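S.K.: sequence and predicted structure, then a few things I'm wondering about:
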Amino acid sequence: MLRIHHHVDPTALLPHRADVPRPGPGEILVHTEAVGVTLPSVRKVRESPVPVTLGGEVAGEVVEVGPGVEGFAVGERATGLCFVDAYAEFAVLRHDMASRIPARARAVDAVALVRSGTVARGAYEAGHVRPGESVLVTAAAGGVGSLALQLAAAGGAGRVVAAVGSAEKAAFVRELGADDVVLYEELREEGGSYDVILDGVGGELLGPCVRSLTMGGRLVAFSSGGGTVEAYELLLRGATMTGFQIRAVATGRPETYARWVRELWESWGAGGLRTVVHEEIPLAEAARAHAVVEQRRNLGKVVLVRTAPREPGCGRGPRGGQDESAGLGSFSSWQLGHGRYWLRRTPRGGPARESRRGIRE
């Protein structure tokens, strides 16, 4: 199969051939249709001095189930978090961290909604937003931020403000429910006054965010950008800061994670949440997808696909209530890695289930 592998140089995300993995106890093997690109993965590649394995959210068809798996069958479509070798044609998911994809949803919708949506939901809940309070969302035009804006607007916040890196993104975030828009430069220089801040940027923006909290304000940091905070700034405002990571919830509170996923799909199906896809990029072009995210050019989610991609921006807008097929077409078996590029063609729809053994040979 084809898998993407990191080779030290951040731009060296190269395809190479690899064996199809086998699911172990409690795991399912998914024939990948879509993989979500996240900023943590991009930063992991950029900052690591040694090759790293890439995780992410994956969606596709279940082709094999491991021992002890309940609730999933071969032929069903599933999405979930994959912590190792997610950038591949076949990926192994823990069944307790996976969920079924509704019939009317595309795989691209699944990776745009579930991981980003659970992060947005968790960060929003950690902020304990009360009716009428003001909420600032940083990285508001990204995959998580675009959903956090919608949750805050629908959750009774009195004023929802989107923080973005450029004025070109203002119209986009307003369409998603932002009452006002502030640029990062303005936030650094002028600050603000917000009851709750959901920060997906971190780094040098973390300090200005803390200084922009009201008395008793709450900041929820869910980015991988790091950053430092002066304790005195929190003391001065009687403010609190909470870190949030979705993996901790998925592994430590699986019932909560499953409930969030279920409720996200229900809201999506009712038209209450919009999945926003910036661009669908072929899996073999993972380096280009990383560049889009790293340069903060995306409006919504960047998704890797193993099928012919749609034009950039075509995924924007409400997806609930629509009945679209995935349009599988033919695909190439590959893996991103160091070395040469191998390519293998498989007929439309992929190998028959009874011949799964053959794809490992």
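M.R.: Noted; the coordinates are in hand. Residues are numbered from 1 along each chain as shown.

S.K.: so which bits of stretch 151-162 are buried?
M.R.: Residues of stretch 151-162 classed as buried: 151-153, 155, 157, 159-162 (neighbour count, 16 or more other C-beta atoms under 10 Å). Where C-beta positions appear, they are placed from N, C-alpha and C, glycine not excepted.

S.K.: same question, stretch 208-221
M.R.: 208-214, 217-221.

S.K.: wait, which of those is closest to Leu198?
M.R.: Using C-beta to C-beta, Val220 comes nearest to Leu198 of those, at 5.2 Å.

S.K.: that closest one: what's it in contact with?
M.R.: 123-124, 126-127, 196-199, 241-244 (C-beta atoms under 8 Å, 6 or more residues apart in numbering).

S.K.: narrow those residues to those in helices?
M.R.: Residues of those located in helices (DSSP state H): 123-124, 126.

S.K.: so Asp195 touches Ser134, yeah?
M.R.: Yes - Asp195 lies in contact with Ser134 (C-beta atoms under 8 Å); the separation is 5.0 Å.

S.K.: overlap of the contact sets of the two?
M.R.: Going by C-beta under 8 Å, 6+ apart, residues that sit against Asp195 and also against Ser134 are Thr214.

S.K.: what's near enough to touch Gly127?
M.R.: Contact analysis of Gly127 by C-beta under 8 Å, 6+ apart lists 135, 196-198, 218, 220, 242.

S.K.: quick one: it from Arg174, how far?
M.R.: Computed as C-beta to C-beta, to the nearest Å, the Gly127 to Arg174 distance reads 21 Å.

S.K.: and Thr32, that one's in a strand?
M.R.: Yes - counting by DSSP: H, G, I helix; E, B strand; the rest coil, Thr32 is found in a strand.

S.K.: so who does it touch?
M.R.: By C-beta under 8 Å, 6+ apart, Thr32 lies in contact with 58-60, 88-91, 283, 306.

S.K.: by pLDDT, rank the residues you listed and give me the bottom one.
M.R.: Lowest pLDDT of these: Arg306, 87.

S.K.: shouldn't it be in contact with Pro282?
M.R.: Yes - between Arg306 and Pro282 there is a contact at 7.4 Å, judged by C-beta under 8 Å.

S.K.: thinking again about what came up before, can you list the buried residues of stretch 151-162 in a markdown table and add distance to Leu14, pLDDT and secondary structure?
M.R.: Formatted as a markdown table, the buried residues of stretch 151-162 follow (distance: C-beta to C-beta, whole Å; pLDDT from 0 to 100; DSSP: H, G, I helix; E, B strand; the rest coil):
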| residue | distance to Leu14 | pLDDT | secondary structure |
| --- | --- | --- | --- |
| Leu151 | 38 | 96 | helix |
| Ala152 | 40 | 96 | helix |
| Ala153 | 42 | 94 | helix |
| Gly155 | 43 | 92 | coil |
| Ala157 | 45 | 95 | coil |
| Arg159 | 47 | 97 | strand |
| Val160 | 42 | 98 | strand |
| Val161 | 41 | 98 | strand |
| Ala162 | 36 | 98 | strand |
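
S.K.: ok, so of those, who is nearest Ala270?
M.R.: Looking across the buried residues of stretch 151-162 and measuring by C-beta to C-beta, the closest to Ala270 is Leu151, at 14.1 Å.

S.K.: one step back: most neighbours, which of the ones in helices among the contacts of Val220?
M.R.: Ala123 (29 neighbours; other C-beta atoms under 10 Å).

S.K.: how near is the residue lying closest to Gly158 once chain neighbours are set aside to Val92?
M.R.: Using C-beta to C-beta, 6 or more residues apart in numbering and skipping residues adjacent in sequence, the residue nearest Gly158 is Gly132, 3.9 Å away. With the distance defined as C-beta to C-beta, Gly132 ends up 46 Å from Val92.
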